[in-house]
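**Q** pasting the sequence and the predicted model now:
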Amino acid sequence: MKIDLNSDMGEGFGPYRLCDDEAMMKLVSSANIACGFHGGDPEIMGRMVRLAKLNGVGIGAHPGLPDRLGFGRREIPFPADELRQQMLYQLGALMAIAKAEGVTVSHISFHAAMGNMVNRDPVLADLMMDAIATVDAGLVVFVTHGSEIQQAAKRARLKTLALFLADRAYDAGGKLVARGLPGAVIKDEAAVRARVRQFLLDGTVQTIDGAVIAMPARSILVHSDTPGALELAGIVRGEIEATGAALAPAAELAD
């Protein structure tokens, strides 16, 4: 079995960093690179692209809302077309930087509030996916299983890759528990190890209320801003290797 391990990266600004991106890039097979709105800047984007190239890591755009102070996690009621332009602006910037380094952007993964807004609105989801397909019909879209983004991507004939979030709790409906609720972010190393092992061996996950649900995914995400993210990513990679699975970037696994 092949599986992708990815992380949202380059989410600092200027001299400020959220995690050791250099070390994280040695653990993952795909990197979702912040594109300058919720985090990142041109210099950081270029450095992330070069690091990904050096480590053979798949390069993805990680567009978010223009809200650095809220880290892109606060919803802002932009009109649909303005959200579309914001996404295209960020994607285009990373594609240009990657091209200058002799590599290409292979996937896109929405950040936080932008992703939540798209997932809640089928019309907006179609607008976004059609725009992505117009720019590059070969881009892979990271999704959660059964989401509006997944369905809209399929309608736009885009390939998708479903995610399992190793450091976030799920409810019985398979949706992420809101970050503000107790237990929503999983920081305990033993808990992450157990969750990942269950997912890899059984294709299931235990919800926040103790139920067991199916988790049809081929990619595992570790957020780089979760406390101890580097150690958690190392645990996830260790569990992947222990089961005999092989790491592969998103472009090789999407359908």
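**A** Received the coordinates, thanks.
**Q** hey, let's count contacts and neighbours off CA atoms from now on
**A** Will do.
**Q** ok, residue 100 - how many residues close by?
**A** When neighbours are defined as other Cα atoms under 10 Å, residue 100 has 12 of them.
**Q** with the one 5 residues further on instead?
**A** By the criterion of other Cα under 10 Å, residue 105 has 25 neighbours.
**Q** surely residue 93 and residue 33 touch.
**A** No: Residue 93 lies out of contact with residue 33 (Cα atoms under 8 Å); the separation is 11.2 Å.
**Q** which of these two has more neighbours?
**A** Counted by other Cα under 10 Å, residue 93 and residue 33 do not tie: residue 33 has more neighbours, with 29 against 15.
**Q** wait, the more buried one touches residue 60, no?
**A** Yes: using Cα under 8 Å, residue 33 is in contact with residue 60, at 5.9 Å.
**Q** put the alpha carbons of whichever helix in the chain runs longest into CSV.
**A** Longest helix in the chain, counting residues (DSSP state H): helix 80-100. Extracted in CSV, the C-alpha atoms of helix 80-100 (Å, rounded to 0.1, in the frame of the first residue of the first chain):
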residue,chain,number,x,y,z
ALA,A,80,-17.9,34.5,-4.1
ASP,A,81,-16.0,36.0,-7.0
GLU,A,82,-13.7,37.8,-4.7
LEU,A,83,-12.9,34.5,-2.9
ARG,A,84,-12.2,33.0,-6.3
GLN,A,85,-9.8,35.8,-7.2
GLN,A,86,-8.0,35.4,-3.9
MET,A,87,-7.5,31.7,-4.4
LEU,A,88,-6.3,32.2,-8.0
TYR,A,89,-3.9,35.0,-6.9
GLN,A,90,-2.2,32.7,-4.4
LEU,A,91,-2.2,29.6,-6.7
GLY,A,92,-0.7,31.7,-9.5
ALA,A,93,2.0,33.1,-7.3
LEU,A,94,3.2,29.7,-6.1
MET,A,95,3.0,28.3,-9.7
ALA,A,96,5.3,31.1,-10.9
ILE,A,97,7.8,30.6,-8.1
ALA,A,98,7.8,26.8,-8.7
LYS,A,99,8.3,27.2,-12.4
ALA,A,100,11.3,29.5,-11.8
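**Q** report the rounded mean pLDDT for it.
**A** Mean pLDDT, computed over helix 80-100, is 98.
**Q** try stretch 105-121
**A** Rounded mean pLDDT across stretch 105-121 is 98.
**Q** chain center to it: distance?
**A** 9 Å (Cα atoms, centre = their mean, to the nearest Å).
**Q** got the end-to-end distance for it?
**A** End-to-end span of stretch 105-121 (Cα to Cα, to the nearest Å): 26 Å.
**Q** list the buried residues in it.
**A** Neighbour-count burial for stretch 105-121, counted by 16 or more other Cα atoms under 10 Å, picks out 105-115, 117-119.
**Q** would you map the helices across the stretch 151-255 of the chain?
**A** 189-202, 229-242, 250-253 (DSSP state H, counting those that start in this stretch).
**Q** buried deepest among these, which one?
**A** helix 250-253 (a mean of 21; mean count of other Cα atoms under 10 Å).
**Q** other residues contacting it?
**A** 2-4, 29-30, 58, 106-107, 140, 161, 218-219 (Cα atoms under 8 Å, 6 or more residues apart in numbering).
**Q** count the residues that sit near residue 99.
**A** Using other Cα under 10 Å: residue 99 sits among 12 other residues.
**Q** ok, it to residue 53 distance?
**A** Taken as Cα to Cα, the span from residue 99 to residue 53 is 11 Å.
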